[in-house]
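Engineer: I need the structure of the sequence given here:
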Amino acid sequence: RRLLARLVVAQGGALSVDQLAEDLWGEDQPARPRDQVSVLVSRLRHALPPETLNRVDSGYTLTADWCDLGALAELSTEATRRAGDHQWTAAAEAARAALALLRGPVLPELADTAWVAVAQEGVSRAAQQARLVLARAELAVGDPRVAADAAREALDASPYDEVALRLNLDACLAARCPALGLATYAQFRHRLVDELGVEPTPSSRAAYQRLLQATGDDADEMRSPDVPAGRSREVVLVLRAVARAAGGTGALVVLTGEPGIGKSHILQAVAEASPHLVVQVKCDELGRVLPLQPILDGLAAELRLRTPDQLHQLLAEDDGLLGPLLGLQPAVSGPGLPDDGTGQLLLHAAVVRLLERLAGTTALVLLVDDAHLADASTLALLTGLPRRSSRVVAVLAARSGAGPTWPAEAVVEIGPLDLSAVSAIVGAERADLL
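Structural biologist: Below you'll find the model as predicted:
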């Protein structure tokens with residue numbers, strides 16, 4: 001199997017017997033390694049179609065109709081060539097086709113061998129090239145939100161890549177999501193200064209300035225969002241979910257961690273950075289006896305700022321049901337809601353419709369603190385929001401090990417701060433003691 005893998009990675013190139021022996025056994029060479037290579041080649045030939053494994057003057061070659069390594073390199077090169085000719089649609093198609101071939105690391109069981117490491121480097125270069133082309137193409141003629149995601153993936157793959165950073169900032173500007181770009185820049189700059197001791201290049205700082213101007217901030221102040229020290233990654237993850245909601249894909253994010261770890265500070269940073277409407281909710285022990293009370297309290301606080309005409313438009317056909325529950329009108333006697341579960345479904349549907357109306361054509365950010373204390377009805381509404389609303393992102397902060405079992409794909413575990421973040425909070429001297 002290792003012989004076959006080595007020949008495949010060579011992509012049709014000839015490998016000498018000595019090279020194969022070195023790559024197969026390294027320093028643990030068997031007796032008569034050249035003979036052992038011949039034995040393995042003979043066995044492999046019996047398992048392959050005729051004329052696939054051939055002997056040439058310089059060694060052995062494997063002929064394959066198709067190889068994902070070669071296809072990835074070809075598609076990435078094609079995408080780059082198309083982008084150079086400003087054929088953006090074709091460039092994006094080639095880049096997507098290249099990225100669709102990625103299936104994780106190359107031969108992970110042989111990752112410690114030099115020849116697999118070289119192949120992995122080639123795959124990483126080709127994939128990064130495709131991500132950058134896709135971001136450029138989508139920014140030029142496609143969807144800037146897709147461009148922002150592609151650039152962010154490129155930045156995740158290569159954390160010091162300032163080309164990817166600038167593409168992400170420009171895409172966030174075009175997608176009207178400056179807060180997301182500002183948080184990404186803050187995270188990148190912190191990494192660069194902390195790990196390399198340098199500032200971003202002038203070109204990156206210029207892209208950052210353009211984002212600041214889009215938010216109305218004084219560009220000369222070079223101010224970033226007030227992100228808690230060491231929590232840029234979490235804030236960026238949430239703001240990416242917010243940006244997707246603005247594009248029509250709702251989401252649920254659950255920040256979990258020990259008491260005092262900083263979950264509430266992250267929620268506040270998101271509230272300050274989000275360009276969209278934010279509804280803040282806090283759960284507590286007393287609220288557990290009143291279904292949906294935390295959500296209703298948060299919505300009531302937001303709706304009290306609205307005019308009667310705005311309230312009429314927002315509540316619409318749900319005015320009679322939600323108005324009394326939100327404290328916007330006195331309760332009236334009547335049959336009430338059914339008690340067989342249908343009543344909860346009707347109430348949930350009305351609340352979701354209200355959230356959608358508040359979101360409008362952009363997004364609504366629902367921040368829920370101490371979500372592990374929420375009542376069952378509130379939990380059912382929150383966990384079902386991604387399926388029922390395309391414009392709402394619910395961001396929950398919950399204590400680890402308390403409350404329900406959250407959907408695994410929604411959980412972001414908040415861990416301890418690293419030394420640099422602690423130093424930023426208490427100073428270097430005290431950080432060493434802690």
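Engineer: Now do the longest helix seen in the chain: which elements does it pack against?
Structural biologist: Ranked by residue count under DSSP state H, the longest helix found in the chain is helix 114-141. Here helix 114-141 touches helix 2-9, helix 68-84, helix 88-100, helix 144-157, helix 162-174, going by 3 or more CB pairs under 8 Å, 6 or more residues apart in numbering; DSSP states H and E. Placement of C-beta: from N, CA and C, glycine included.
Engineer: Tell me the buried residues in the helix or strand where Arg43 lies?
Structural biologist: Element membership for Arg43, per DSSP states H and E: helix 33-47. Applying a neighbour-count criterion of 16 or more other CB atoms under 10 Å, the buried positions in helix 33-47 are 33, 36-37, 40-41, 44-45.
Engineer: Name the residues that touch it?
Structural biologist: Helix 33-47 is contacted from outside by 3-4, 17-18, 20-21, 24-25, 30, 52-53, 55, 60, using CB atoms under 8 Å, 6 or more residues apart in numbering.
Engineer: would you turn those into CSV with secondary structure?
Structural biologist: Below are the contacts of helix 33-47 laid out as CSV (DSSP: H, G, I helix; E, B strand; the rest coil):
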residue, secondary structure
Leu3, helix
Leu4, helix
Val17, helix
Asp18, helix
Leu20, helix
Ala21, helix
Leu24, helix
Trp25, helix
Pro30, coil
Thr52, coil
Leu53, strand
Arg55, strand
Tyr60, strand
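Engineer: Where does the prediction get shaky in the stretch 201-350 of the chain?
Structural biologist: Scanning the stretch 201-350 of the chain for pLDDT under 70 picks out the ranges 215-227, 330-341.
Engineer: Go again with 80.
Structural biologist: Low-confidence segments of the stretch 201-350 of the chain, defined by pLDDT under 80, are located at 214-233, 275, 286-287, 289, 305-307, 329-342.
Engineer: Can you identify each of the strands in it by residue range?
Structural biologist: Per DSSP state E, counting those that start in this stretch, the stretch 201-350 of the chain carries strands over the ranges 251-257, 277-282.
Engineer: Ser389: how many residues sit nearby?
Structural biologist: 22 (other CB atoms under 10 Å).
Engineer: Quick check: the residue nearest to it when sequence neighbours are not counted vs Gly84, distance?
Structural biologist: Nearest residue to Ser389, sequence neighbours excluded (CB to CB, 6 or more residues apart in numbering): Gly250, at 4.6 Å. Distance of Gly250 to Gly84, given as CB to CB, to the nearest Å: 38 Å.
Engineer: which one of these two has more residues nearby?
Structural biologist: More crowded of Gly250 and Gly84, by other CB under 10 Å: Gly250, with 23 against 10.
Engineer: Nothing else from me, thank you.
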